[in-house]
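J.: have a look; sequence and predicted model below, questions after that.
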Amino acid sequence: MLKELLKKEHLIMNMQARQKDEALEELVKVLKFPPDKERLLLETLKKRESIGSTGIGKGIAIPHARSVVLDKVYLVVGRSKEGVDFDALDGKPVHLFFMLAAPPQDPGTQYLIALGKIAALARKLVKNQDYLNIDDPDEFIEYLVKLAEEE
Amino acid sequence: MISGTLEILIKLQDLEHMLEELNSPEYLNILKESSGLSDEEAQEKIQESIESLKKEIEGLKKSLPKEIVRKYNRLIKRYGRAVVPVVNETCLNCFSHIPTSFLTKSGELVECPNCGAFLYLPIPDKEKKS
């Protein structure tokens, strides 16, 4: 499932943002939505962060939301070698983002299943930090897919 | 350009979906799995978020005309949702056909002629980014 959602055009290998809001803006911009749609999704993601950070610790964050303005499930992956101050649970900078956004009519399954799979992938990713050393986008996606499919 | 009232309704609906998600048992498991928090810690964290979200929802409702809020509450109570997208000329609440004349009203506050849900109509191509 993550394989279908992971797309090269929705991958940022070197994020420029250093702060939380900037990072969300950078991730959302990748989707190239019309201005109103982009703004509303961004506000929903920011609101989600304001009620509890999705920075789960150990350098990973999973910003996520469902929004009326979306027509399908989107996953944007962003990497920051320098790290982003994201108010994570452990207070450490975030180096890898998985931004998951879905429409409300998604029957509560695809979105939550994807969220669960990303959470499981995150657990594997923190064991080593190889993701910081891959510079080729295709190789990066391949690495994530392989890790996600490992039992 | 989206009207102010429709924009607030969309934000409200997105918050309702957030609330629904936080209340789901799956979400508790996901939070525990990803963060390593104990069951108790994760539940406490979720509860804090729920309280904060409920305040946000009430705050947003205060910025809307009372009649709209009444209608919104009625729709939420009846269908669990009040603002729905239109996809392929179909209302995604009741799945009835939306007349073509409605489709040009993107950004306006429009209600489904069948179920009364507030409609989020597709944005015309000319407004889309290349």
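T.: Sure, I can see it.
J.: show me where chain A has its strands.
T.: In chain A, the segments counted as strands under DSSP state E are A:11-12, A:55-57, A:60-61, A:64-66, A:74-84, A:94-102.
J.: pick the most deeply packed of the ones you listed.
T.: Neighbour counts (mean count of other CB atoms under 10 Å in any protein chain shown) averaged over each of the strands of chain A peak at strand A:60-61, with a mean of 28. From N, CA and C alone the C-beta is placed, and that goes for glycine too.
J.: so is the longest helix along chain B next to chain A?
T.: The residue-count maximum for a helix in chain B (DSSP state H) belongs to helix B:39-62. Yes. Contact between helix B:39-62 and chain A, assessed by CB under 8 Å from any CB of the partner chain, occurs at B:45, B:46, B:48, B:49, B:52, B:53, B:56.
J.: could you say which helix or strand holds the residue of chain B found nearest chain A?
T.: Chain A sits closest to residue B:34 of chain B, with a gap of 3.6 Å, by CB to the nearest CB. Applying DSSP states H and E as the criterion places residue B:34 in helix B:25-35.
J.: name the residues that touch that helix?
T.: With contact meaning CB atoms under 8 Å, 6 or more residues apart in numbering or on different chains, helix B:25-35 is reached by A:56-57, A:60, A:62, A:89, A:112, A:115-116, A:118-120, A:122-123, B:21, B:37-39, B:42-43, B:45-46.
J.: please apply the same query to stretch A:18-35.
T.: Judged by CB under 8 Å, 6+ apart, the contacts made with stretch A:18-35 from elsewhere in the structure are A:9-10, A:12, A:15-17, A:38, A:41-42, A:45-46, A:49, A:63, A:69, A:74, A:76, A:78, A:80, A:82, A:84-87, A:94, A:97, A:99, A:101, B:123, B:127-130.
J.: neighbours of residue A:8, how many?
T.: By the other CB atoms under 10 Å in any protein chain shown criterion, the neighbourhood of residue A:8 contains 11 residues.
J.: what's around the closest residue to it other than its chain neighbours, how many residues?
T.: Beyond its immediate neighbours in the sequence, the residue positioned closest to residue A:8 (CB to CB, 6 or more residues apart in numbering or on different chains) is residue A:137, lying 5.3 Å away. Neighbouring residues of residue A:137 were enumerated by other CB under 10 Å; the total is 14.
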